[in-house]
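Q: no FASTA, just this:
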């Protein structure tokens with residue numbers, strides 16, 4: 001039998017006895033399967049009950065008469081799924097802000113600066129990139145620089161006064177040359 005807020009809302013908002021009966025039947029028939037589904041999604045008993053109740057409240061609010069031919073079973077499962085994802089997001093958000101000590105110490109001990117070896121490797125990569133970039137034609141360099149600024153091919157074509165197809169060709173050749181040499 002429907003309990004709590006859902007029962008009150010059903011009796012207040014549902015005009016016809018047939019609508020009330022249909023909601024009660026849905027609740028009785030789907031409470032256990034919904035609970036099992038929510039348990040598989042990691043919800044505890046209280047959370048699952050809250051989500052089931054909220055799902056049926058939303059059904060009553062949206063009106064059963066508005067969707068007489070809809071698959072209400074699927075709709076209720078989707079609403080319950082979405083609500084459970086909201087609970088997970090909320091829990092994740094709070095678990096990040098209230099870290100336990102080992103995680104805090106671990107984050108504080110990690111040095112954000114690159115090691116000397118990483119700095120040398122990074123410099124070597126940058127030098128190779130600069131050499132490869134210098135070997136590009138002026139049009140290829142312009143295309144790459146404009147693309148790096150976020151311009152689309154159409155916009156690059158307008159800026160350089162060439163066709164969009166030509167921009168694509170120049171970019172393709174530039175990328176191939178930069179990949180080989182870096």
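A: Perfect, I can see it now. It should be emphasised that the depicted structure is a prediction, and the values quoted were computed from it without experimental measurement.

Q: what separates stretch 113-127 from the chain centre, distance-wise?
A: For stretch 113-127, the separation from the chain centroid amounts to 34 Å (computed by CA atoms, centre = their mean, to the nearest Å).

Q: quick one: average pLDDT of it?
A: Here stretch 113-127 scores 89 as its mean pLDDT.

Q: which sections of this protein are below the confidence cut-off?
A: 1-15, 63-70, 95-111, 182 (pLDDT under 70).

Q: can you pull out the helices in it?
A: In the chain, the helices defined using DSSP state H lie at 4-13, 17-40, 45-62, 72-97, 101-109, 116-134, 138-148, 153-160, 164-181.

Q: other SSEs contacting the longest one?
A: To tie it back to what came earlier, the one meant is helix 72-97. In terms of contact count using 3 or more CB pairs under 8 Å, 6 or more residues apart in numbering; DSSP states H and E, helix 72-97 is assigned the packing partners helix 17-40, helix 45-62. (C-beta placed from N, C-alpha, C; glycine too.)

Q: before we move on, the earlier item: dump the helices of the chain to a markdown table, plus mean neighbour count.
A: Formatted as a markdown table, the entries for the helices of the chain read as follows, by neighbours: other CB atoms under 10 Å:
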| stretch | mean neighbour count |
| --- | --- |
| helix 4-13 | 15 |
| helix 17-40 | 15 |
| helix 45-62 | 18 |
| helix 72-97 | 14 |
| helix 101-109 | 9 |
| helix 116-134 | 11 |
| helix 138-148 | 16 |
| helix 153-160 | 16 |
| helix 164-181 | 15 |
